[in-house]
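[1] Here is a sequence together with a model predicted from it:
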Amino acid sequence: MKAADYYLDGPAPETPEPRQRQDRWGETRVVGRPLPRVDAYERVSGSAVYPSDVQLPGMLHAAILRSPHPHARVKRVETSRAEAMPGVRAVITHQTPGADIAWYTDREGATVGHLFEAHCRFEGEAVAAVAAESPYQARDALEAIEVEYEVLPFTSDYETALEPRAPAVRDGGNRASEPGVYERGDLAAGFNAAEVVVEETFRTPCELHTPLEPHGCVARWDGNRLTVWESTQGVYPVQSRVAQVLGLPLANVRVIGHYVGGGFGSKLRPGKYTVIAALLARQTGRPVRLFLSREETLLCAGNRPANRMRLKVGAKRDGTLTAIEFHGLGSGGAYSGSGTGILDWQVRDLYRCDNVRCTTENVYIHAGAQRPMRAPGHPQCSWALEQVMDELADRLELDPVELRLRNLASVSQGRGGIPYTSNGFRECLEEGARTFGWLAARSRARSEDDLARGVGMAGGLWIAGAGGPPSTAIVKYFADGSVNLNLGASDIGTGTKTVMAMVVAEELGVPLDRIQIEHADTATTQFATASGGSKTVPTDAPAVRAAALDCHNQLLDMAAEELAVAPSELKLDGDHVVAVGDPEKRVALREVSDFRRRQVVVGIGYRGPNPEGKATCPFAAQFCEVEVNRRTGEVRVLRFLGAHDSGRVMNRATYDNQVYGGIVMGIGLGLTERRVLDTGQTGKMCNLSWHDYKIPTALDVPADVTSLPIETEDVECNTVGAKGLGEPVTIPTAAAIANAVYNATGIRVWEAPLNATRLAELLAEREA
Amino acid sequence: MIPLTLRVNGRERRVLVEPRQSLLRVLRDELGLTGAKEGCHRGECGSCTVLMDGVPLYACMTLAPEAEGREITTVEGLLDGEALGPVQDAFAEHDAFQCGFCTSGQIVAVEGLLRANPQPSLEEIRTGVSGNLCRCGAYPNIFRAAGRAAELRAGRGGDS
């Protein structure tokens, strides 16, 4: 995975420089406050129409037949019995004219997989699809399709995928790319200088995104124009891929995604389902609804790859790091996607160290393709790096917070030593520890009965979170002082719409309930990149601010003529314009003759470039307290604190909610989640449901979670001073839990998730 | 196909359905009540939670014919005209959601909990929504909203 996965294929479109001078905000009136969401009513009343709620007249229901084998050749597909079933309107396979569509490409652009594949390389590969009058009839028809498979040997264990006896996923073998190598300084000299060395092997599980709304869409044709209602993080990436695959002009593909029931990176791009729905709709002349079943989403809607990481760190007695060596292995599945993308970033960048070497190996296995999952690579790396730091602190008899403070980096070492636009890591550590009551909690004696308490912490940073161009926003100011805000971004639940409306309210003094938002529709809004990479606020809020200021200045210009006062002497005061030095000189906007003639003022805002030669990153430190049952190995997380430097807080309520959510997802990595493949017998997924693939429930998370914003002033990153938040909040969580369990029990668990069975085993071994 | 008479949000609704159709799909596809969501259709996530005779249950695990003669309440039924009910108000006030997809189910689960237990403890609230997954992880706010909903409900005098 590269950072570009969050942005675009090919060169980024240029947006012009913002037209308005944008001074740094001082005290804000609206931005930063914990205001309820502008779409709260729709989301709590049940009236919000999610893509999976869309119902159109004459709409058919579609379903996809998938390979039950991780590796097989389709020798024969017989669809005639399915086609004759009641309610069935279309059945398509790779043999259907127009459905033989190239889907996966390799790095050189060669086709390596099709929409419907005759050579299936993972359990869940699409083989055929059906459209019928009801969802039940569609599923019935799938069962009536006869497929003869030649079952082939498979590779589903990434750790042995490079062994000579492992069946090859591709003709060239199972090495998916050349090993990645990063090096700075002199590693050997660094280890020679070390007085203490910690070296361990870590494993993190394959995690699944499992957003509550399954992946899918509704597709409808009007002649040669296609409209798609898609559950997506970005309508524009869906539009461009669908247009490309179907050979349509962009203007003929309209994608609408007003709501999305979660994505976490798995809905950055369209799926095969999008194109299949469009093909079935074209063939039947009817709108088609195609949403995946929950089981399908677990098999083929992306994952966070499992990783094996070997980490060796050397330090002097005073805690100064002298050398770090990292090796990571992982698999992005059978097709595109990397198993090790940005896995080593925090080793390169988080702590000061002159001698670093990172290598990564990316292999193929017969499993569904990886998709970016909330801070790709980072929570895994944190699991290793932050446990090693904890162990190092233990051996050096230093406080874990103190050890980190002794190794703060003043520049972005992974980027060749350029400065950060802001860096609040020290404050995250210090103020986080103070607010959590770290020293007092650590010094509390461990109880000697069955329940042991402990505290742990971990730090982190996220590689991206700067945002950047392109982004274009439009603000329309109406004659009565109400506003329409128009932007292309999706609100994936982070509060994008609310934050953007607050930016308009800040600049124009319009109350939130007088701002209408039009967004995430390729026909009516401006180009936007997908909401992912913790970049939506830093990308789009500056564009919205520029649009609001453009409006503001046009209004002042009009009033200036009316009042015969220079625009620079005027200010907006509610629905009036007033002369700064002379409050008698005022005019109601509705009385400004130029404005009355036009009835609307349209402001356009563009996202300006990021500062050159500087890096913008969010920083984090999290602290937690756990209780471990020494008999059963069960871990209860009692409380958590997240101290996050993401620059300016745009809305304290949605900010805190992101922090809670990231911690909850991190608890999943630390304690409950893992995809289990039957590597020995069948290669199939064993825990193909939410009952067996366990995400945290209300009973697995603490009610006591504190969000502590470290509101570092960043005047360089962009014109609102906000950095990304959605991903850093889940990076240090799992490692903090592991360190707390060590603090409680003296036992380190190097493999996530840290489940009760494993911990009970380790506790029993120690007793013995 | 069989004819059914369902009582949904206080109104009698007549539908013609296949006996195997779930209550959820009848509510959504036949009656256009899309507040209850389909997150799994296998009784795991709780996005489809509705009240049957005041008790929360998974509409995806209930066959439509089983609901005949029972009182069904969906999230839409908690509104008073266009005005939000107390649990809905509390969820909005405490930002007890992110993407909002599980929210209808969470709200109905809390409504059911409060009808049975108007003053629940934190542990009772956690248990009350433990059958409703929230992948965005808004749980701490959901707990707070449920507590606030109990207060609002008491102030407004009972069932919403």
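    Structure's in. What do you need? Numbers count the residues shown, from 1 in each chain, chains lettered A, B, ... in the order given.

[2] In space, what's closest to the spatially most central residue of chain B - neighbours in sequence excluded?
    Computing the C-alpha centroid of chain B and ranking residues by CA atoms, centre = their mean puts B:Val108 first, at 2.7 Å. Spatial nearest neighbour of B:Val108, excluding adjacent residues (CB to CB, 6 or more residues apart in numbering or on different chains): B:Thr49 at 4.6 Å. C-beta here means a position set from N, CA and C on the backbone, and glycine is covered the same way.

[3] Show me which residues of the longest helix seen in chain B are buried.
    If you go by DSSP state H, chain B has its longest helix at helix B:139-156. Neighbour counts over helix B:139-156 (16 or more other CB atoms under 10 Å in any protein chain shown) mark B:139-150, B:152-153 as buried.

[4] How about the backbone phi and psi for the single nearest residue of the stretch 451-600 of chain A relative to chain B?
    Proximity of the stretch 451-600 of chain A to chain B (CB to the nearest CB) peaks at A:Gly493, 3.3 Å away. The phi/psi pair for A:Gly493 (degrees, to the nearest 10) reads phi 110, psi 0.

[5] residues near it, how many?
    30 (other CB atoms under 10 Å in any protein chain shown).

[6] Next up, the contacts around A:Ala102.
    For A:Ala102, the contact set (CB atoms under 8 Å, 6 or more residues apart in numbering or on different chains) comprises A:111, A:113-115.

[7] Same question for A:Lys585.
    So A:Lys585 contacts A:563, A:565, A:578-579 (CB under 8 Å, 6+ apart).

[8] so what does whatever helix or strand A:Cys381 lives in touch, helix or strand wise?
    Using DSSP states H and E, A:Cys381 sits in helix A:378-396. With contacts taken as 3 or more CB pairs under 8 Å, 6 or more residues apart in numbering or on different chains; DSSP states H and E, helix A:378-396 sits against strand A:196-204, strand A:307-315, strand A:321-331, helix A:345-349, helix A:400-405, strand A:451-461, helix A:733-745.

[9] among the ones you listed, which is the most enclosed?
    Of all the helices and strands packed on helix A:378-396, helix A:733-745 carries the top mean neighbour count, a mean of 27, counting by mean count of other CB atoms under 10 Å in any protein chain shown.

[10] Let's verify A:Val659: helix, strand, or coil?
    At A:Val659, secondary structure determined by DSSP: H, G, I helix; E, B strand; the rest coil is helix.

[11] got the contact list for the nearest residue to B:Arg25 once chain neighbours are set aside?
    Of all residues not flanking B:Arg25 in the chain, A:Pro135 sits nearest, at 7.0 Å (CB to CB, 6+ apart). The neighbours of A:Pro135, taking CB under 8 Å, 6+ apart as the test, are A:61, A:63, B:25, B:29.

[12] what does the model give residue 157 for pLDDT?
    All of this refers to chain A. Listed pLDDT for A:Asp157 reads 98.

[13] nope, chain B please
    For B:Gly157, pLDDT reads 64.

[14] And the closest residue to B:Gly54 other than its chain neighbours, how far from B:Leu51?
    Nearest residue to B:Gly54 in three dimensions, chain neighbours excluded: B:Arg115, at 5.2 Å (CB to CB, 6+ apart). Computed as CB to CB, to the nearest Å, the B:Arg115 to B:Leu51 distance reads 8 Å.

[15] Check which residues of the longest helix anywhere in chain A are buried.
    When chain A is parsed with DSSP H, its longest helix is helix A:536-563. Using 16+ other CB under 10 Å as the test for burial, helix A:536-563 gives A:536-556, A:558-560, A:563.

[16] which other helices and strands contact the helix or strand that that helix is followed by?
    Counting by DSSP H and E, the next helix or strand C-terminal to helix A:536-563 is strand A:570-573. Helices and strands touching strand A:570-573, by 3+ CB pairs under 8 Å, 6+ apart, are helix A:536-563, strand A:576-579.

[17] what mean pLDDT does the longest one have?
    Confidence over helix A:536-563 (mean pLDDT, whole number) is 95.

[18] Please identify the helix or strand for A:Leu142.
    Here A:Leu142 is assigned to helix A:135-144, by DSSP H and E.

[19] Take that helix, keep the C-alpha atoms, and write them as PDB.
    Taking C-alpha atoms only, helix A:135-144 is exported to PDB below (Å, rounded to 0.1, in the frame of the first residue of the first chain):
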ATOM      1  CA  PRO A 135     -33.700 -11.600  -2.700                       C
ATOM      2  CA  TYR A 136     -34.900 -15.000  -1.800                       C
ATOM      3  CA  GLN A 137     -35.400 -16.000  -5.500                       C
ATOM      4  CA  ALA A 138     -31.900 -14.700  -6.300                       C
ATOM      5  CA  ARG A 139     -30.400 -16.900  -3.600                       C
ATOM      6  CA  ASP A 140     -32.500 -19.900  -4.800                       C
ATOM      7  CA  ALA A 141     -31.200 -19.400  -8.300                       C
ATOM      8  CA  LEU A 142     -27.600 -19.400  -7.100                       C
ATOM      9  CA  GLU A 143     -28.100 -22.800  -5.700                       C
ATOM     10  CA  ALA A 144     -29.400 -24.000  -9.000                       C
END
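
[20] In three-state terms, how would the closest residue to B:Thr73 other than its chain neighbours be classified?
    Spatial nearest neighbour of B:Thr73, chain neighbours left out: B:Leu51 (4.0 Å); criterion: CB to CB, 6+ apart. Secondary structure assignment for B:Leu51 (three-state DSSP): strand.

[21] Tell me who's in contact with B:Leu51.
    Contacts of B:Leu51 (CB under 8 Å, 6+ apart): B:57, B:71-73, B:77, B:108, B:111-112, B:115.
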